[in-house]
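Peer 1: Predicted model and sequence below, questions to follow.
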Amino acid sequence: MKVFKFGGASINSIDRFKDTAQIIKSHAKDKLLLVVSAMGKTTNALEKVAGSFFEAKSEEALALFQQVKDQHRNTLKFLTVTHALKGENQLKDFFTEVEWLLYDKPVRNFDFYYDQVVCSGELMSTAILYHYLLELGVKIAWVDVRDIIRTDNNFRDAGVDWKFTGAAIQDKILPLFEQYDVVLTQGFIGATYENESTTLGREGSDYTAAIFANLMDAESVTIWKDVESVMNADPRKFDDAVNIYSLSYAEVIEMAYYGAQVIHPKTIKPLQNKNIPLYVKNFLDPTLQGTSITNKLARQLPPLIVVKENQALMQFKSKDFSFVEDKPIEQLHAIFDKVKLKPNLSQNTAISLLCSFDDRKEKIDQLAHLASELFDVEMERNLTLLTLRHYNVEIYQKLSTGKTVVLLQKTPETLQALMRENSLVQ
């Protein structure tokens, strides 16, 4: 049994749906568990819906959601004939689930509503793909992953209950393969014990695939993307990015930890624990080599470049100039846990702690407010965090030219520099 994960780019048009379906058909006899994301750009569109709703702009939210509905209805119409009506009815169920919420008024925090709205993207995309594959004669079952993956209520970054999820897979997923070649479900989402939808963090569909692979003892996981292989840098930002055809679990964990977007940070460990190989393949040309990720160490890797923009640097200074150690640090990290923010880079001085965070405004403002009760808090926004694995002086100088380095840390293998553009006026 194999696990295939398809991201939004693989189903962002009629032609992409058709290409993806052909890949699935050609491997169906291997017994496939499919994990599929929302159609390309749908998550961003649904984020706007959730934002408008939370700002009490109900009519705007409904209008934005209507655009999402129209896109999915039109896609289904072009792909199905005999299964068009059943597909439309399934989509209507998901439309109603969101609209029922949008006609109400927000009384809980934004992250809760974000998850209830955004989760519909995966449900809608997999409904379309399911009915299209039925049209093509594939023996396939559709499963709502919210009945399988149980999580806590840490909305937008939920933690998985592995024991419950494993039992659900044994009871509800594995028996399906006695009748079907393919089982199709959603990435990125789960549900609490109260049946409230949750998400596993952006790019969490990869993690979903790893969860299923681990708990089903899958032969392998293949992530289908629109790139030839894993690359040493984001090709959208670096024209000279190069392909990497072989990586170790350990190296990918390092890349993911520092923010590389190719593989989700939590994906690798469940696979490494059971030595399940991970392949990254190109859905536009499945004959290309792609990247294999295993226990085997890769040699002579090029510099690996990770750029995280929109960073906020916060400096927490002790109010009485006492050393920031032990109890003050413990108190500060307790606040981090409460706000659910994790520093991407941190550094101690004698009387202060500097931390760089992803600038999620609501959470950053909450953190600053809570921390100000114990510390003097200073903040700078609009920074960029550069991480270089296997760096050399030349690549660092090239990427830091024209910028002021605000914070720098390095080991023999890894360099991290928090930078501002010299043109920015402070």
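Peer 2: Now that the structure is in, tell me what you want to look at. Every value quoted in this text rests on a predicted model; they were computed, and no experiment measured them.
Peer 1: Surely residue 386 is in a helix?
Peer 2: No: counting by DSSP: H, G, I helix; E, B strand; the rest coil, residue 386 is not part of a helix but strand.
Peer 1: Next one: it relative to residue 420, how far apart?
Peer 2: 12 Å (C-beta to C-beta, to the nearest Å). Placement of C-beta: from N, CA and C, glycine included.
Peer 1: got the contact list for residue 198?
Peer 2: Counting by C-beta atoms under 8 Å, 6 or more residues apart in numbering, residue 198 makes contact with 115, 119, 151-156, 158, 189-192.
Peer 1: Check whether the closest residue in space to it that isn't next to it in sequence sits in a helix, strand or coil.
Peer 2: Ranked by C-beta to C-beta, 6 or more residues apart in numbering and with sequence neighbours excluded, the top spatial neighbour of residue 198 is residue 158, at 3.8 Å. Look at residue 158: counting by three-state DSSP, its state is coil.
Peer 1: What is the burial count for residue 158?
Peer 2: When neighbours are counted by other C-beta atoms under 10 Å, residue 158 registers 25.
Peer 1: Quick check, it in contact with residue 188.
Peer 2: No: applying C-beta atoms under 8 Å, one finds residue 158 not in contact with residue 188, separated by 10.3 Å.
Peer 1: all helices for the stretch 51-200 of the chain, in order.
Peer 2: 58-79, 84-102, 110-118, 120-135, 162-168 (DSSP state H, counting those that start in this stretch).
Peer 1: List phi and psi for residue 410.
Peer 2: When read as degrees, to the nearest 10, the backbone of residue 410 gives phi -150, psi 150.
Peer 1: Okay, it and residue 385: tell me how far apart.
Peer 2: Following C-beta to C-beta, the distance that separates residue 410 from residue 385 is 13 Å.
Peer 1: Is residue 390 in contact with residue 301, as I believe?
Peer 2: Yes: between residue 390 and residue 301 a contact is recorded at 5.3 Å, counting by C-beta under 8 Å.
Peer 1: hang on, the earlier thing: relative to residue 196, which of the helices of the stretch 51-200 of the chain is closest?
Peer 2: Proximity to residue 196 (C-beta to C-beta) singles out helix 110-118 among these, at 7.1 Å.
Peer 1: can you give me the angle the closest one makes with helix 58-79?
Peer 2: Helix 110-118 runs at 30 degrees relative to helix 58-79, counting by axes from the mean of the first three to the mean of the last three C-alpha atoms, to 10 degrees.
Peer 1: And helix 110-118, what does it pack against?
Peer 2: helix 42-54, helix 84-102, strand 197-199 (3 or more C-beta pairs under 8 Å, 6 or more residues apart in numbering; DSSP states H and E).
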